Structures are given as C-alpha cells and as structure tokens.
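> This is the structure alone, sequence omitted:
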C-alpha cells in the first residue's frame with residue numbers, strides 16, 4: 001500500500017517541510033492522476049490537488 005502524505009511539520013524529517021515562520025495551513029487532499037511503470041520495478045505516481053479537479 002502506498003499513501004500520498006505530506007505532513008509539512010517542522011519537527012519531522014520529511015520530503016515536504018513547512019518553515020517555522022509560515023502560517024499553519026490545512027492538509028491538502030490528493031487524487032491519483034496517472035500511474036507509469038518504470039524499469040527496475042519502479043513506479044511513477046502522478047497526483048493532483050483534489051480541490052483543483
């Protein structure tokens with residue numbers, strides 16, 4: 001199972017981090033747009049912001 005999650009917290013090491021001076025924002029929902037199989041058992045998952053659908 002793969003779940004697209006972007007915490008944005010500044011106290012956890014993540015790919016998406018929010019600076020301490022930035023305003024607190026609400027979580028964003030993502031919707032899967034496309035899946036592409038890559039060489040070597042890789043996968044490219046393309047998501048969009050669900051509110052822009």
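That came through, no problem. None of these values were measured; they are calculated from a predicted model.
> Does residue 45 touch residue 37 like I think?
No. Judged on Cβ atoms under 8 Å, residue 45 makes no contact with residue 37 at a distance of 10.8 Å. Where C-beta positions appear, they are placed from N, C-alpha and C, glycine not excepted.
> the more surrounded of these two?
For residue 45 versus residue 37, neighbours defined as other Cβ atoms under 10 Å are more numerous around residue 45 (12 against 8).
> contact partners of whatever helix or strand that one lives in?
Using DSSP states H and E, the element containing residue 45 is strand 42-49. The contact list for strand 42-49, computed with Cβ atoms under 8 Å, 6 or more residues apart in numbering, reads 2, 4, 28-38.
> So in that sheet, which strands flank the helix or strand of the chain with the lowest mean pLDDT, and in what orientation?
Here the helix or strand of the chain ranked lowest by mean pLDDT, DSSP states H and E is strand 42-49, holding a mean of 88. Within its sheet, and counting by DSSP bridges, strand 42-49 is paired with strand 30-38 (antiparallel).
> contact partners of the strand it pairs with?
Outside strand 30-38, the residues touching it (Cβ under 8 Å, 6+ apart) are 4, 43, 44, 45, 46, 47, 48, 49, 50, 53.
> In stretch 24-32, which residues are buried?
residue 30 (16 or more other Cβ atoms under 10 Å).
> next one: stretch 37-53
For stretch 37-53, it's none, nothing buried (16+ other Cβ under 10 Å).
> Could you point out which residue ranges in this structure have low pLDDT?
Filtered on pLDDT under 70, the chain yields the residue ranges 1-19, 22, 53.
> let's go with 90 and repeat that
Along the chain, segments meeting pLDDT under 90 span 1-30, 40-43, 45, 47-53.
> thinking again about what came up before, most widely separated two among the contacts of strand 42-49?
Greatest spatial distance among those (Cβ to Cβ): 28 and 37, at 26.3 Å.
> Could you measure from residue 49 over to residue 32?
12 Å (Cβ to Cβ, to the nearest Å).
> for residue 42, that is, sorry about that
16 Å.
> residues near residue 36, how many?
Taking other Cβ under 10 Å as the criterion, the count of residues near residue 36 is 9.
> Need the contacts of strand 42-49 in CSV (columns: distance to residue 21).
Formatted as CSV, the contacts of strand 42-49 follow (distance: Cβ to Cβ, whole Å):
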residue, distance to residue 21
2, 32
4, 26
28, 20
29, 25
30, 25
31, 30
32, 32
33, 32
34, 35
35, 37
36, 37
37, 41
38, 37
